[in-house]
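Engineer: dropping a prediction and its sequence here:
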Amino acid sequence: MADLTVKGVGNTDWTFPKEMTTPKKADTGFGEVLKKSIAAVNDRANKADSLVEGLVEGRHANIHETMIAMEEANISFRLLTRVQNKLVSAYQEVMRMQV
């Protein structure tokens, strides 16, 4: 399939590559969203750890940025824990259903 060309007003034409005009397979399944969320929480924790190590070793003296990163990691982890608790609760509720 060729690129899509749209005629604009005046002398302006826009050409969109084929990749932008064809819908991509959406990775929006629950498992994928959960994996991405866990990876994001892990990345925030790793970033906070590296900033703490840098602060302790004297590589930088930005305690403000370090504290913000630590709080972001903490809040992300608490949110993930609450989601986990809700999932376990929902699973237990489904298991209690009589068929």
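Structural biologist: Cool, got the structure. Residues are numbered from 1 along each chain as shown.

Engineer: what is the neighbour count of M67?
Structural biologist: 14 (other CB atoms under 10 Å). Heads up, the C-betas are built off the backbone N, CA and C, glycines and all.

Engineer: now the strand or helix carrying it, how far from the centre of its chain.
Structural biologist: Per DSSP states H and E, M67 falls inside helix 63-96. Relative to its chain's centre, helix 63-96 lies at 14 Å (CA atoms, centre = their mean, to the nearest Å).

Engineer: try stretch 45-60
Structural biologist: That offset, for stretch 45-60, works out to 22 Å (CA atoms, centre = their mean).

Engineer: for that stretch, give the mean pLDDT please.
Structural biologist: The average pLDDT within stretch 45-60 is 94.

Engineer: stretch 63-71 too?
Structural biologist: Averaged over stretch 63-71, pLDDT sits at 95.

Engineer: CA-only coordinates of that stretch in PDB, if you can.
Structural biologist: What follows is stretch 63-71, C-alpha atoms only, in PDB (Å, rounded to 0.1, in the frame of the first residue of the first chain):
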ATOM      1  CA  ILE A  63      18.800  16.100  47.500                       C
ATOM      2  CA  HIS A  64      15.500  17.700  46.200                       C
ATOM      3  CA  GLU A  65      15.500  15.600  43.000                       C
ATOM      4  CA  THR A  66      16.400  12.500  45.000                       C
ATOM      5  CA  MET A  67      13.600  12.900  47.500                       C
ATOM      6  CA  ILE A  68      11.100  13.500  44.700                       C
ATOM      7  CA  ALA A  69      12.200  10.300  42.900                       C
ATOM      8  CA  MET A  70      11.900   8.400  46.200                       C
ATOM      9  CA  GLU A  71       8.400   9.700  46.800                       C
END
